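> next comes the sequence, and after it the predicted model I'd like to discuss.
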Amino acid sequence: MRHALLPADPDDEQLARGWTLSEADMVEVYRCRGDHMRFSFALQLCTLRQYGRFLGADYDTVPVRIANHVGHQLGLPPVLLPVPPAREATDLRHERQIRGYLGFERLDAKHRRFLEEYLLGLAQDGHLAEDLYRQAETFLRERMVILPGQVRLERFVAGVLVRAEAGIHEQIRQRLTPAFCTAIDGFLEVPGDGRRSALAGFKEYPPEATPAALLEYLERERSSARSEPRRSKSRASVASSSNTWPSSSTDTTSGTCGGSRPPSDARWSPASSWRPTGRSWITSSTCTAGSSPACAGGPATLLSSASGRSRSARSSGSP
């Protein structure tokens, strides 16, 4: 995110717009003693007015074209690198003088609070760190507040992002019911004789994309849910929606489906198909054993009336 404060190779338009001293600027500059002090004062003045922060000790980052453009207006010879004032007190005095001349304010607690509230709203709307950094610079420059150093501003933005994320998590938590939180905790618990939680088991994919592997995977997960009483209720709701064949106590030879697999003499109509729904599999038709009626109960009966009408239509010859 960190970037250079000054352009590396400014063109003539940038020099004229951002680094040209007005008559009032020249009066303020010539209040300093000596060419060397006037030169550093002029560089600091133009930098604050255009970028909202001082050069600090980074005089060696001033491009040659900028240094010579400012020096030419002061009647100074060309230089390769500007030299900062020898005494830090002199530099601080120049900063106070420039801040009063341009009307800038220091970043105090009031401005910091306003900036934090502004950035917090943007962060909650989904703005990322780099965009928040640019918005913070614009916010402070528009209010004539001196920008802090880049590292300090980056840390400030990072803290706002942490607060925004914590606030979003708290809003989500407040919307969860106690029963839902208990069910989620059950998925995260690791049984005493196990090595993973139920959530870790559900996150694993079946070893192969074949019907046999998928059925074995679903049967294993359902058996695991039954063997864990504390989590059986929450996981049974998931397993019931993913079982292809509804569980029933009816004998498989009577013509209805029992357990998770079809009876041995089941036949499939041409419209029978299996389709995936996320991690689960359901059938879009019913099975029949011999001449027995369609399976009763569970998801397999959802289309039983439709398939019955279809068979009646074919037997009667109706289109």
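Noted; the coordinates are in hand.
> which strands or helices does whatever helix or strand Glu216 lives in pack on?
Glu216 belongs to helix 211-226 when assigned by DSSP states H and E. The helices and strands touching helix 211-226, judged by 3 or more C-beta pairs under 8 Å, 6 or more residues apart in numbering; DSSP states H and E, are helix 198-203, helix 229-242, strand 280-283. The way it works is simple: take the backbone N, C-alpha and C, and place the C-beta from them, glycine included.
> burial of Phe104, as a residue count?
Counted with other C-beta atoms under 10 Å, residues neighbouring Phe104 total 22.
> measure it to Ala209 for me?
Distance, Phe104 to Ala209, by C-beta to C-beta, to the nearest Å: 65 Å.
> and for Ile184?
Applying C-beta to C-beta, the value for Ile184 to Ala209 is 29 Å.
> out of these two, which sits in the more crowded spot?
Taking other C-beta under 10 Å, Ile184 and Ala209 do not tie; Ile184 has more neighbours (12 against 9).
> surely Val190 is in contact with Gly201?
No - the pair Val190 and Gly201 does not pass the contact test of C-beta atoms under 8 Å, sitting 10.6 Å apart.
> after the top helix by length along the chain, next one along is what?
Of all the segments of type helix in the chain, defined by DSSP state H, the longest one is helix 150-175. Using DSSP H and E, the next helix or strand after helix 150-175 towards the C-terminus is helix 178-188.
> for the record, mean pLDDT for that next one?
What helix 178-188 shows for mean pLDDT is 85.
> cool, stretch 87-104 as well?
The average pLDDT within stretch 87-104 is 92.
> repeat for stretch 192-211
So the average pLDDT for stretch 192-211 ends up being 78.
> buried residues in that stretch?
Ser197, Ala198, Gly201, Pro206 (16 or more other C-beta atoms under 10 Å).
> the first one contacts Glu189, correct?
Yes - with contact defined as C-beta under 8 Å, Ser197 and Glu189 form a contacting pair (6.1 Å).
> quick one: the strands in this protein?
If DSSP state E is used as the criterion, the strands of the chain fall at 266-267, 274-277, 280-283, 288-289.
> ok, now which ones touch Gly52?
Taking C-beta atoms under 8 Å, 6 or more residues apart in numbering as the contact definition, Gly52 lies against Phe104, Glu137, Leu140, Arg141, Val145, Ile146, Leu147.
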